[in-house]
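A.B. asks: Have a look; sequence and predicted model below, questions after that.
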Amino acid sequence: EVQLQASGGGSVQAGGSLRLSCAASGLSFDDHAIGWFRQAPGKEREGVSCISSVDGSPYYADAVKGRFTISRDNAKKTVHLQINSLKPEDTAVYYCNARIRRVDYWGQGTQVTVSS
């Protein structure tokens, strides 16, 4: 069974930092890209970042470029999302995702709240 466990969220003031983690099990971790999405209240879930399984190359949504950094540790089957210079508009539940044979697997989400 594929499981993704997101952690690391919290409440911070604008300008602060958090490090989110996504621990995976039940999949061949090295073979799959892992993504981070977020969903703010009343808004649709949006893609934030993902990291390739092939060469570790990252992708970032325009809204987070220069502030978020994604990385992966294949030995620990974990993906990290370092988020800096947080803004109130970054407030959302953050989910990690793996797509395996066209099926999306989601972690349970971790809440990030940024106060101004």
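C.D. replies: Okay, I see it.

A.B. asks: Stretch 22-39: which residues count as buried?
C.D. replies: Neighbour counts over stretch 22-39 (16 or more other CB atoms under 10 Å) mark Cys22, Ala23, Ala24, Leu27, Phe29, His32, Ala33, Ile34, Gly35, Trp36, Phe37, Arg38 as buried. Heads up, the C-betas are built off the backbone N, CA and C, glycines and all.

A.B. asks: Closest one of those to Tyr94?
C.D. replies: Tyr94 lies nearest to Arg38 out of these, by CB to CB, at 4.8 Å.

A.B. asks: SS state for the closest one?
C.D. replies: strand (DSSP: H, G, I helix; E, B strand; the rest coil).

A.B. asks: tell me the contacts of the spatially most central residue of the chain?
C.D. replies: Nearest to the mean C-alpha position of the chain, by CA atoms, centre = their mean, lies Trp36 at 3.0 Å. By CB atoms under 8 Å, 6 or more residues apart in numbering, the contact list for Trp36 reads 20, 22, 47-50, 70, 79, 81, 94-97.

A.B. asks: Test for you: state the pLDDT assigned to it.
C.D. replies: With respect to pLDDT, Trp36 has a value of 98.

A.B. asks: who's it bridged to?
C.D. replies: According to DSSP bridges, the partner residues bridging Trp36 are Ser49, Cys96.

A.B. asks: Check Ser11 too.
C.D. replies: Here Ser11, judged by DSSP bridges, has bridge partners Thr113.

A.B. asks: what do you get for Thr69?
C.D. replies: Thr69 has these beta-bridge partners by DSSP bridges: Gln82.
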